[in-house]
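Chemist: Sequence first, predicted model second:
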Amino acid sequence: MTRSEIIEDLKKRIPKFPGVEFRTTWQKTQSQDNASISIVLYGEDTETLSEISKEVERRLGNIPEIISMENDSEKGDDEIILSLQRDRAKKYGITPGIVAGTIQYALRGIPLSKYYTQEKEIQIYIQMRKQDRRNLLQLKNMLFYTSLGKAIPLETISDVSISKGFGGIQRKNGKTFLRIKINTTKDDITNIYFKIDQAMKGLSMPFGYSWSKGESYEMLQERSSSQLFGLILSITCVFLLMGILFESFILPFSVIISIPFSFVGSYWIMYLTQTPIDIMSQIGFIILVGVVVNNAIVLIDFIHLLRSQGYTRNEAILLAGQQRFRPIMMTALTTIFGLVPMAIGDAKMIGMPYSPMGRTMIGGMISSTLISLIAVPWAYTLLDDMREYFKKFAKNIQS
């Protein structure tokens, strides 16, 4: 069963009770931690951040792939909030210090003197009895005495309520932040981030408040940048090597043209098999650069060999296509069928499946092999014409 199927099955099995909310999460291994998703809200006031988080959760709740969300404000315990009405308290001659001190000794207790015996010393505390401090009503009815000896209940001079406190106030770059952790049913993190961007469009936030997609998104961007650099570097190395072998820096482009066609096939097979583009598939793209050019090299090299034997360019291209078709197809098919076990298997490396890499390479080999048989000769013809044109142009300038 897939992850989404397991989660849906669990939702059906768990009984529903009034007032009880169930959340399903997927335990990630250490190698998958970077794939977690979070939205980070920045601002000054924690209460404002908590209100903004409710609107964010409402917007993200419409994304089908998101199964649950949890923000930092939900991790706190219930807290008693006491808001002193200073005008009323001042009227009765009761100061904030008296209120704070009285509540402290009543609920927490305050130490008095120590009682010494022959064996040990005993610390004496003064505190209200447990039966007198069990609920919020007893706190509201706690009495304070004025200078005239009149008893005033706490609820007369203050507002007392219970609310959910923050698990902890976190700060980054001088700003308070609140993190919303998101659990999803799919591993296609890039697609989910796109849907998050769409859902967050038009979100109105107070001045000085902002949001980001968290450190996991930054790490994803850095990883994508490093993979792109590796891809460009591999293409450059192939280009330079072909330039040395063909003794030309124009003709290698006829070999390089087979690489984009391989990417087209890779993306199509990933789309058809509903396979997310993860780090393993990105490695597959880099490997493709060194594999798919082989067929083009075989074709171009044979064309050069025929032309050196006296064949015209068009004759060499037609003959090379006929004689190299079978070896090219055999090479491609053996590679493709050799990758099938990887593409359909469930083998993993540090918790990451090999199948995306296998499917990436199979799709790229199929499209590149079929299209390159037509595109590579066409590109070779075009580039050869360009090379001859520049030769004549240079001779005309010299003369």
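Modeler: Thanks, I have it. As the structure is a computational prediction, the values presented were derived from the model and not from experiment.
Chemist: Verify the stated contact: Gln123 with Pro111.
Modeler: Yes: under the criterion of C-beta atoms under 8 Å, Gln123 makes contact with Pro111 at 5.8 Å. For every residue, glycine as well, the C-beta is placed using N, CA and C.
Chemist: can you count the residues close to Lys150?
Modeler: Lys150: 11 surrounding residues under other C-beta atoms under 10 Å.
Chemist: Can you give me the distance of the residue lying closest to it once chain neighbours are set aside to Phe229?
Modeler: Nearest non-adjacent residue to Lys150, counting by C-beta to C-beta, 6 or more residues apart in numbering: Tyr92, 7.5 Å away. To Phe229, Tyr92 is 72 Å away according to C-beta to C-beta, to the nearest Å.
Chemist: Next up, phi/psi of the residue nearest to Lys150, please.
Modeler: Taking degrees, to the nearest 10, you get phi -90, psi 0 for the backbone angles of Tyr92.
Chemist: Which phi and psi values does the closest residue to Ile63 other than its chain neighbours adopt?
Modeler: Closest residue to Ile63 apart from its sequence neighbours, by C-beta to C-beta, 6+ apart: Lys195 at 5.0 Å. Main-chain dihedrals, Lys195, degrees, to the nearest 10: phi -70, psi -30.
Chemist: Neighbours of Lys195, how many?
Modeler: Neighbours of Lys195 under the rule other C-beta under 10 Å: 15.
Chemist: if we can go back for a sec, who has more neighbours out of Tyr92 and Phe229?
Modeler: Tyr92 (15 against 10).
Chemist: quick one: the more buried one and Phe144, what's the gap?
Modeler: Distance, Tyr92 to Phe144, using C-beta to C-beta: 8 Å.
Chemist: what touches both of these two?
Modeler: Counting by C-beta atoms under 8 Å, 6 or more residues apart in numbering, the contacts common to Tyr92 and Phe144 are Ile152, Ile157.
Chemist: Name all residues that make contact with the residue nearest to Leu84 when sequence neighbours are not counted.
Modeler: Counting by C-beta to C-beta, 6+ apart, Ser158 is the residue found nearest to Leu84 once chain neighbours are left out, at 4.6 Å. The contact partners of Ser158, taken as C-beta under 8 Å, 6+ apart, are Leu82, Ser83, Leu84, Gln85, Ala89, Val99.
Chemist: Excluding chain neighbours, what is closest to the last one?
Modeler: Sequence neighbours aside, Leu84 is the residue nearest to Val99 in space, at 6.1 Å (criterion: C-beta to C-beta, 6+ apart).
Chemist: Which residues are in contact with the one you found?
Modeler: Leu84 is in contact with Pro96, Val99, Ile157, Ser158, counting by C-beta under 8 Å, 6+ apart.
Chemist: Now those residues in JSON lines, please, with extra columns for pLDDT.
Modeler: Putting the contacts of Leu84 into JSON lines (pLDDT from 0 to 100) gives the following:
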{"residue": "Pro96", "pLDDT": "86"}
{"residue": "Val99", "pLDDT": "86"}
{"residue": "Ile157", "pLDDT": "87"}
{"residue": "Ser158", "pLDDT": "88"}
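Chemist: which other helices and strands contact the helix or strand where Phe390 lies?
Modeler: Secondary structure from DSSP states H and E places Phe390 in helix 355-398. Here helix 355-398 touches helix 252-256, helix 258-272, helix 279-308, helix 313-344, going by 3 or more C-beta pairs under 8 Å, 6 or more residues apart in numbering; DSSP states H and E.
Chemist: That helix versus helix 313-344: what angle between them?
Modeler: If you take axes from the mean of the first three to the mean of the last three C-alpha atoms, to 10 degrees, helix 355-398 sits at 160 degrees to helix 313-344.
Chemist: any idea of the mean pLDDT in helix 355-398?
Modeler: Averaged across helix 355-398, the pLDDT comes to 86.
Chemist: Stretch 324-339 now?
Modeler: 90.
Chemist: now swap in stretch 48-67 and tell me
Modeler: Per-residue scores along stretch 48-67 average to 85.
Chemist: Give me the buried positions along that stretch.
Modeler: Within stretch 48-67, the residues that qualify as buried are Thr48, Leu49, Ser50, Ile52, Ser53, Val56, Glu57, Leu60, Glu65, Ile66, Ile67, counting by 16 or more other C-beta atoms under 10 Å.
Chemist: now, of the helices and strands packed on helix 355-398, which is deepest in the fold?
Modeler: Scoring these by mean neighbour count under mean count of other C-beta atoms under 10 Å gives helix 252-256 as the most buried, with a mean of 22.
Chemist: could you dump the contacts of Leu84 to CSV with distance to Ser210?
Modeler: Formatted as CSV, those follow (distance: C-beta to C-beta, whole Å):
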residue, distance to Ser210
Pro96, 35
Val99, 38
Ile157, 39
Ser158, 35
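Chemist: now stretch 219-228: mean pLDDT?
Modeler: Averaging pLDDT along stretch 219-228 gives 82.
Chemist: tell me which residues of that stretch are tucked away?
Modeler: Per 16+ other C-beta under 10 Å, stretch 219-228 contains these buried residues: Leu220, Gln227.
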